[in-house]
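Participant: Based on what follows, work out the 3D shape:
(one chain, ligands or ions: 1)
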Amino acid sequence: MATNQDTTPIPLSPEDRRAMRRVRDRAKYAANPEPFRGRGRRARAAHREARNAYNRAYREAHRDELKAQQYLYREQTREQRQVANRTYRRTQAEAIRIQRKAYRAAHRAELSVRNKQYRAEHGEALKHQKKTAYQGNRATILARNSAYAKAHLDTLRAQKAAWRAAKGDILRRHKREYARAYYAAHPEIRAAKDRRRRAIKAGALIRDLTPAQWHAIKEHYGHRCVYCHRKMTQLTQDHLTPLSKGGAHTLSNVVPACRSCNSRKQAGPPKVPVQPLLLVGDSREHCDRE
Ligand SMILES: [Zn+2]
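Facilitator: Numbering: from 1, shown residues only. I've put the predicted structure just below:
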């Protein structure tokens, strides 16, 4: 039995076979590596190409079927997906925020164009949507805003100050330009403002004459100087009790006078006593906003 055992070849284990194959292959490759180079990569690439082509053809051929399948899947898993999405959004809020910010930063120009186009196409619908949403939740929104403002008083104040520091010049310039255009279109309001400023400078405590009242006074006197009765378009305001003597810049103390009569009057008392216009009723109701 012992001699038999010596001549019988010992069966190789699978591990040994693999090891032998490895040794053989390595020797073959070392002797002539050229035919092996890139073969794995080429084979994988070819396989990938074939697989993709097959998948594409399959999708083309079963388009409707796949669509129906997908739709069914979405319907069946709607709630699950909603829950999952909500959870994801809640637990990954910070990551999502960062991701979105990065995306917006990277696609700024593109997004701007797209948004502009969308607003141009859906402007009315968006406006309506916004309005309806606001009206439906007005009380809630106002309460929320006010609570937020109260809770973030200092932050908001600092934010405002920072904004002013950064954009104050632009804002001021904008305001100045607006005022210039407004006064150019409404010279009577500009003039009234100047006169009121003079009244303030002269120390008048009451200075409530409005452009509408001044207009009514001129109408009442037929656009004539109360002293020389000449009719003219450029009448000055004469204060019966001068501002310098504590007179008020108010309806009952103002009469129209030409420039020369007004300046002559400053030297002495007027020759003609004048009755100031006392409008009946509340004249303020036609006052322009100043
Ligand atoms: Zn006059």
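
Participant: Number of residues surrounding residue 93?
Facilitator: Counted with other Cβ atoms under 10 Å, residues neighbouring residue 93 total 10. For glycine as for every other residue, the C-beta is placed from the backbone atoms N, C-alpha and C.

Participant: how near is it to the ion?
Facilitator: 77 Å (Cβ to the ion, to the nearest Å).

Participant: Can you tell me how far that residue is from residue 99?
Facilitator: Separation of residue 93 from residue 99 (Cβ to Cβ, to the nearest Å) stands at 11 Å.

Participant: which residues in the stretch 151-290 of the chain form strands?
Facilitator: Taking DSSP state E, counting those that start in this stretch, the strands of the stretch 151-290 of the chain run over residues 236-239, 254-257.

Participant: Burial-wise, tell me which of those comes out on top.
Facilitator: Of all these, strand 254-257 carries the top mean neighbour count, a mean of 24, counting by mean count of other Cβ atoms under 10 Å.

Participant: The ion: which of the strands of the stretch 151-290 of the chain is closest?
Facilitator: The closest of the strands of the stretch 151-290 of the chain to the ion is strand 254-257. By Cβ to the ion, the value is 5.6 Å.

Participant: Pull up the pairing partners for the closest one, direction included.
Facilitator: strand 236-239 (antiparallel) (DSSP bridges).

Participant: Touching the strand it pairs with from outside, list them.
Facilitator: When contacts are defined by Cβ atoms under 8 Å, 6 or more residues apart in numbering, strand 236-239 is touched by residues 195, 209, 214, 226, 247-249, 253-259, 261-262, 265.

Participant: Can you tell me which of the residues you listed are buried?
Facilitator: Buried residues within the contacts of strand 236-239, defined by neighbour count using 16 or more other Cβ atoms under 10 Å: 195, 209, 214, 226, 247-249, 253-258, 261-262, 265.

Participant: Keep only those of the residues you listed that are also close to the ion.
Facilitator: If you filter the buried ones among the contacts of strand 236-239 for contact with the ion, counting by Cβ under 5 Å from the ion, you are left with 258, 261.

Participant: Identify the farthest-apart pair in the buried ones among the contacts of strand 236-239.
Facilitator: Comparing every pair within the buried ones among the contacts of strand 236-239 by Cβ to Cβ identifies 248 and 258 as the most remote, at 22.2 Å.

Participant: what does the stretch 101-250 of the chain put close to the ion?
Facilitator: Where proximity means Cβ under 5 Å from the ion, the interface of the stretch 101-250 of the chain facing the ion comprises 225, 227-228.

Participant: what about 8 Å?
Facilitator: Residues of the stretch 101-250 of the chain found near the ion, taking Cβ under 8 Å from the ion as the criterion, are 225-230.

Participant: Drop anything exposed from these.
Facilitator: Members of these that pass the buried threshold by neighbour count (16+ other Cβ under 10 Å) are listed as 225-227.

Participant: ok, the residues you listed vs the ion, which is closest?
Facilitator: The closest of those, once distances to the ion are taken by Cβ to the ion, is residue 225, at 3.1 Å.

Participant: Now that closest one. Nearest residue, chain neighbours left out?
Facilitator: Excluding its sequence neighbours, the residue lying closest to residue 225 (Cβ to Cβ, 6 or more residues apart in numbering) is residue 258, at 3.9 Å.

Participant: residues contacting the one you found?
Facilitator: With contacts taken as Cβ under 8 Å, 6+ apart, residue 258 has the following neighbours: 225, 227-228, 230, 232, 234-236.

Participant: What distance do you get for residue 133 to residue 115?
Facilitator: 19 Å.

Participant: Skip ahead from the helix or strand bottoming out on mean pLDDT in the chain and say which helix or strand is next.
Facilitator: Taking mean pLDDT, DSSP states H and E as the measure, the chain has helix 2-7 as its least confident helix or strand, at a mean of 54. The first helix or strand that comes after helix 2-7 along the chain, using DSSP states H and E, is helix 14-31.

Participant: Low-confidence regions, the stretch 151-290 of the chain specifically.
Facilitator: The stretch 151-290 of the chain contains residues with pLDDT under 70 at 265-290.

Participant: ok, which pair from the residues of the stretch 101-250 of the chain next to the ion is furthest apart?
Facilitator: Among these, the pair separated by the greatest distance (Cβ to Cβ) is 226 and 230, which sit 10.4 Å apart.

Participant: out of everything not next to it in sequence, what's closest to residue 198?
Facilitator: The shortest distance from residue 198 to any residue that is not its chain neighbour, by Cβ to Cβ, 6+ apart, is 7.4 Å, and that residue is residue 243.
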